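[1] sequence first, then the predicted structure, then my questions.
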Amino acid sequence: MTKLEELIKELCPNGVEYKKLGELGTFLGGLSGKSKSDFANGNAKFITYKNVYSNPALKIDVEDTVKIADGEKQNTLQYGDVVFTGSSETPDECGFSSVVTIHTNEKLYLNSFCFIFRFSDLSIIEPDFAKHLFRSESLRYQIGKTASGVTRYNVSKEKMKQVQIPLPPLAVQREIVRILDSFTLLSAELTAELTARRKQYEFYRDKLLSFNNRINLLKLGAISEIYTGNKPFELFESVTEFEYINAGTSNSGYTQQSNCNGNCVTTPSRGQGGIGFVGYQRTDFWLGPLCYCIRGNEEVVLNKYLYYYLSSNNRVILDLKKEGGVPAINRSDLLKIDIVVPPLDIQERIVNVLDNFDAICSDLGIGLPAEIEKRQQQYEFYRDKLLTFNLSSSTIYQTDRQTDRQTDRQTD
């Protein structure tokens, strides 16, 4: 018998109590009445939507700021608060939780697209327990039921009051936290190692692509063709400029015949955030109207070498940016970029080295990304097992799930 089983048998032999959020605390909103200018050179820390969405335990050591006037009445975060993403373009991103697990004297202000749940009595729940609990499958399922919308989805705070959570004794909570934190600690260590490997990869990539002898300097226009997509904007009206590159693939939902062959380099031609981004397309794809395709003459330059070279020297693309209503890069300027072109055998050796290094850092099938993915799956499995207590009240989730499956089968 494990320590957790012993604690449950001793402290809650008749099961774990479940309570509705509406019985346990209150909901509070984020910032209100703020304009875009208030978030430039602010005087108080500001918690972003991304911070909440990405971190089960809220990251409070942040650089984001907002202007707060003396005496201004706004809600601030406290130790133990559970923060939820309240509005999103997809229902799956609604209601993601993050918990304030660290005591701080600093005032933390929350973005307007999120909201706070504050326990009336914090002695009934450990914040570190809450960070795991509110991201468990059973809670995510209940929270997902509270979101509704068409083009944008919003969580109903009234429906959130009906969400039920288990409240085992604190000793049980702490043991569950100890177990689950051991998984997340290992994942964090692997992620830190992956970050170091990526920096190492970028260092060696830049070293390999920095040539002292620049006699083989050729214009991009002399060794490649550069063109844009020819499909109408309407085809791409529901995707972002980064997705233009891949429109037509399973990632974006379009399955029509492609208009561009693979093995080429892509880069956005205009946009607020994409200029300077360089991609490599292995397979056939749709080329959107706001992207350039760069295809090298492979008797002179390998396309994969061209991709690595431009990725390492993306500053040369950024420097071509024309400011205006929408920043853009002219094709005529791209054609004039200088490219160091060593012999093909050297290009191939460079590509092989960087491909292997990149696979270790990026390939989900091997190396650190695969290990991190396995650890995350392991954590989620044990989290959902540990936080699904075998009680009659927990069958609310199971019964709803079975009903949904039956409805799906009938619909099919």
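    Thanks, I have the structure now.
[2] low-confidence regions, the stretch 201-350 of the chain specifically.
    Low-confidence segments of the stretch 201-350 of the chain, defined by pLDDT under 70: 212-215, 230-259, 271-274, 323-325.
[3] all helices for it, in order.
    Assigned by DSSP state H, counting those that start in this stretch, the helices in the stretch 201-350 of the chain fall at 220-223, 241-244, 303-312, 315-318, 331-334, 344-362.
[4] redo those helices as a markdown table? Include distance to Asp38 and mean neighbour count.
    For the C-beta atoms, the positions are set from N, CA and C on the backbone; glycine is no exception. Formatted as a markdown table, the helices of the stretch 201-350 of the chain follow (distance: least, Cβ to Cβ, whole Å; neighbours: other Cβ atoms under 10 Å):
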| stretch | distance to Asp38 | mean neighbour count |
| --- | --- | --- |
| helix 220-223 | 43 | 17 |
| helix 241-244 | 27 | 20 |
| helix 303-312 | 36 | 23 |
| helix 315-318 | 29 | 15 |
| helix 331-334 | 37 | 14 |
| helix 344-362 | 38 | 15 |
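[5] would TSV of those with distance to Pro91 be doable?
    Shown next, in TSV, are the helices of the stretch 201-350 of the chain (distance: least, Cβ to Cβ, whole Å):
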stretch	distance to Pro91
helix 220-223	44
helix 241-244	20
helix 303-312	35
helix 315-318	36
helix 331-334	40
helix 344-362	29
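[6] indicate which one of the ones you listed is closest to Val155.
    Shortest distance between Val155 and these, using Cβ to Cβ, is found for helix 241-244: 26.0 Å.
[7] distance check, the residue most central in space within the chain against Leu387.
    The centre of the chain sits closest to Ser54, judged by Cα atoms, centre = their mean, with a distance of 6.4 Å. With distances taken as Cβ to Cβ, to the nearest Å, Ser54 is found 21 Å from Leu387.
[8] run through the residues that contact the closest residue to Asp355 other than its chain neighbours.
    The shortest distance from Asp355 to any non-neighbouring residue, by Cβ to Cβ, 6 or more residues apart in numbering, is to Lys304 (7.4 Å). For Lys304, the contacting residues are Asn263, Tyr280, Val351, Asp355, by Cβ atoms under 8 Å, 6 or more residues apart in numbering.
[9] send the alpha carbons of stretch 105-124 over as PDB?
    Only the C-alpha atoms of stretch 105-124 are listed here, as PDB (Å, rounded to 0.1, in the frame of the first residue of the first chain):
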ATOM      1  CA  ASN A 105       3.800  41.900  -1.900                       C
ATOM      2  CA  GLU A 106       3.700  43.200  -5.500                       C
ATOM      3  CA  LYS A 107       0.500  44.200  -7.000                       C
ATOM      4  CA  LEU A 108      -0.300  42.000 -10.100                       C
ATOM      5  CA  TYR A 109      -2.900  43.200 -12.500                       C
ATOM      6  CA  LEU A 110      -4.700  40.800 -14.900                       C
ATOM      7  CA  ASN A 111      -5.600  41.200 -18.600                       C
ATOM      8  CA  SER A 112      -9.200  41.700 -19.400                       C
ATOM      9  CA  PHE A 113      -9.600  38.400 -21.300                       C
ATOM     10  CA  CYS A 114      -9.100  36.500 -18.100                       C
ATOM     11  CA  PHE A 115     -10.900  36.300 -14.700                       C
ATOM     12  CA  ILE A 116     -10.100  35.300 -11.200                       C
ATOM     13  CA  PHE A 117     -11.600  32.700  -8.800                       C
ATOM     14  CA  ARG A 118     -10.800  33.500  -5.200                       C
ATOM     15  CA  PHE A 119     -11.400  31.000  -2.400                       C
ATOM     16  CA  SER A 120     -13.200  32.400   0.600                       C
ATOM     17  CA  ASP A 121     -11.300  30.100   2.900                       C
ATOM     18  CA  LEU A 122      -7.800  29.200   1.600                       C
ATOM     19  CA  SER A 123      -7.200  26.700   4.400                       C
ATOM     20  CA  ILE A 124      -9.300  24.100   2.500                       C
END
